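Enquirer: build me a structure from this.
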Amino acid sequence: MAYIYPAPGVTNVESTLKIHKTSKAADATGLSIPALQDVTVNAANDVFTWTQLDETAKLQIATTSTNSVSMNIVLDQTSFFGTTGSGGSTAAAAGIFGLSVDKAKIVFDLYLGDTDSGGLGKIISGSGYITGLAPTVSADAPVWVSPITITVTGEYTVTTAT
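Expert: Sure, this is the predicted structure:
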């Protein structure tokens, strides 16, 4: 068994998230999201339930799924606000905040990290929209942190890192 074992701070083994504005071809460099604190990948199938007079239990069938990737990050001024802000032509130019404000469709790659056996990790890819920004700061936590959700449109794609 090979556990998925990201090693924080170890190059090519840590979990990373990269986003591109519109497509990888149009925004080849993309924006690497720094300072991930945690990541949750949600793939929740909806279920249609019905009852029949000839059955003693409800019947169910899976329907479309609701997919999202959510995380918390420590904010970095450049990645959050971008180099030009809202309306920027690339993810790095627009920044996380600009992509959300612009309601820009993004493409993302989430690298899950290496495995404990030294193999290549997996990448979950998809497209969607950045939502759920809620930056906070307090005296007890004196750096800005924010939850971020990528509401995925369509299916996930899973590939092996190269």
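Enquirer: from here on, just use CA atoms for contacts and neighbour counts.
Expert: Noted.
Enquirer: as a check, name the ranges of all strands in the chain.
Expert: 16-21, 31-33, 36-50, 59-74, 106-111, 122-131, 145-152, 157-160 (DSSP state E).
Enquirer: now do the buried residues in the third one.
Expert: Within strand 36-50, the residues scored as buried using 16 or more other CA atoms under 10 Å are Leu36, Val39.
Enquirer: re earlier: any chance of the strands of the chain in CSV, plus mean pLDDT and distance to Phe81?
Expert: Below are those laid out as CSV (pLDDT from 0 to 100; distance: least, CA to CA, whole Å):
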stretch, mean pLDDT, distance to Phe81
strand 16-21, 94, 14
strand 31-33, 93, 12
strand 36-50, 92, 16
strand 59-74, 93, 13
strand 106-111, 96, 16
strand 122-131, 95, 14
strand 145-152, 97, 13
strand 157-160, 92, 28
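Enquirer: of those, which is nearest Ala93?
Expert: Nearest of those to Ala93, taken as CA to CA: strand 31-33 at 8.7 Å.
Enquirer: so what does that closest one touch, helix or strand wise?
Expert: With contacts defined as 3 or more CA pairs under 8 Å, 6 or more residues apart in numbering; DSSP states H and E, strand 31-33 has these neighbours: strand 16-21, helix 77-81, helix 91-101.
Enquirer: give me the sheet partners of it and which way each runs.
Expert: Paired with strand 31-33 in the same sheet, following DSSP bridges, are strand 16-21 (antiparallel).
Enquirer: now do the buried residues in the strand it pairs with.
Expert: So strand 16-21, judged by 16+ other CA under 10 Å, has buried residues Thr16, Leu17, Lys18, Ile19, His20, Lys21.
Enquirer: show me what contacts the nearest residue to the second one once chain neighbours are set aside?
Expert: Residue nearest to Leu17 in three dimensions, not counting chain neighbours: Leu110, with 4.5 Å by CA to CA, 6 or more residues apart in numbering. With contacts taken as CA atoms under 8 Å, 6 or more residues apart in numbering, Leu110 has the following neighbours: Ser15, Thr16, Leu17, Lys18, Ile123, Ile124, Ser125.
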